[in-house]
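coordinates only, no sequence provided:
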């Protein structure tokens, strides 16, 4: 895409973090905003600051997403960005945590793709930006379920990119490392049916949040790269160069049949 003025961008997880930063960047291009989040106070602040429509939606609720698609029929830039990241060893994760994480990080993405993708193809223009993660192309101990969902997002994005050639609809996948967001505090918005928001951060969660706060890059840097990718039609968005040698090592281990090394923060 190269024309943005007056077009519409829909961003989930828009109340904070990467979602809000992307919305700010799209607004700067003159786009109309559709801001979606379950965090009502944060969403209201974002809408007050940036303008646009605010929709309080639990993205794990498929019927709510279908209602959103009825209320917002036309979108030119789609960003299924909302994400959560409960941490801990894979074998310690209970069913409610798996269900919540898959619902937000993967099923949301699938349903927004099926709801808006055909419309974008029909209108002959648009771009979908999938927020994955470095954990979508690497394994990260204590983030196993998160990795599962983000690997799924990358697979969906890459397949759709190949299938949509010549349609006028572009696809990008965002795979950042540490970004200064509240992703490791996402338990605060956990619905009751998935165990509720009452949660005391353990040492593993505190470690990840400290790493993010200490060495993470600003979300605005990521948003600038997203905007450039949409404009240029680029697929891969890797804001952290330090991930690239790890990706190379992983590819070599696959080709050479050696055991995986993954990503380590310790």
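Happy to help now that I have it. None of the values given here were measured: they were computed from a predicted structure.

quick check: mean pLDDT across stretch 56-68?
For stretch 56-68, mean pLDDT is 98.

centre of the chain to it, how far?
16 Å (C-alpha atoms, centre = their mean, to the nearest Å).

now do stretch 52-64
With C-alpha atoms, centre = their mean, you get 15 Å for stretch 52-64.

quick one: buried residues of it?
Neighbour counts over stretch 52-64 (16 or more other C-beta atoms under 10 Å) mark 52, 54, 55, 57, 58, 59, 60, 61, 64 as buried. C-beta coordinates here come from the backbone N, C-alpha and C atoms, glycine included.

may I ask which helix or strand of this protein has the lowest mean pLDDT?
Taking mean pLDDT, DSSP states H and E as the measure, the helix or strand of the chain with the lowest value is helix 203-215, at a mean of 74.

list of residues touching that helix?
85, 87-88, 142-143, 178-181, 183-185, 201, 265 (C-beta atoms under 8 Å, 6 or more residues apart in numbering).

now for those: which two are most distant?
88 and 180 (22.3 Å; C-beta to C-beta).

ok, the two, which is more surrounded?
residue 180 (19 against 16; other C-beta atoms under 10 Å).

spatially nearest residue to that one, not counting backbone neighbours?
Distance criterion C-beta to C-beta, 6 or more residues apart in numbering; nearest residue to residue 180, sequence neighbours excluded, is residue 216 at 4.1 Å.

if I look at that neighbour, how far off is residue 39?
Distance of residue 216 to residue 39, given as C-beta to C-beta, to the nearest Å: 20 Å.

at which residues are the strands of this structure located?
8-12, 32-37, 53-56, 77-79, 126-131, 169-174, 236-237 (DSSP state E).

could those strands go into CSV alongside distance to residue 111?
As requested, the strands of the chain are exported to CSV (distance: least, C-beta to C-beta, whole Å):
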stretch, distance to residue 111
strand 8-12, 11
strand 32-37, 12
strand 53-56, 15
strand 77-79, 12
strand 126-131, 13
strand 169-174, 17
strand 236-237, 22
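
pLDDT weak spots in the chain?
Counting by pLDDT under 70, the chain has low-confidence residues at 200-201, 262-266.

just the helices in it please.
For the chain, the helices defined by DSSP state H cover 17-28, 40-50, 62-71, 95-102, 108-123, 144-163, 203-215, 219-232, 243-256.

what's the closest of the ones you listed to residue 130?
Of all the helices of the chain, helix 144-163 comes closest under C-beta to C-beta, at 4.2 Å.
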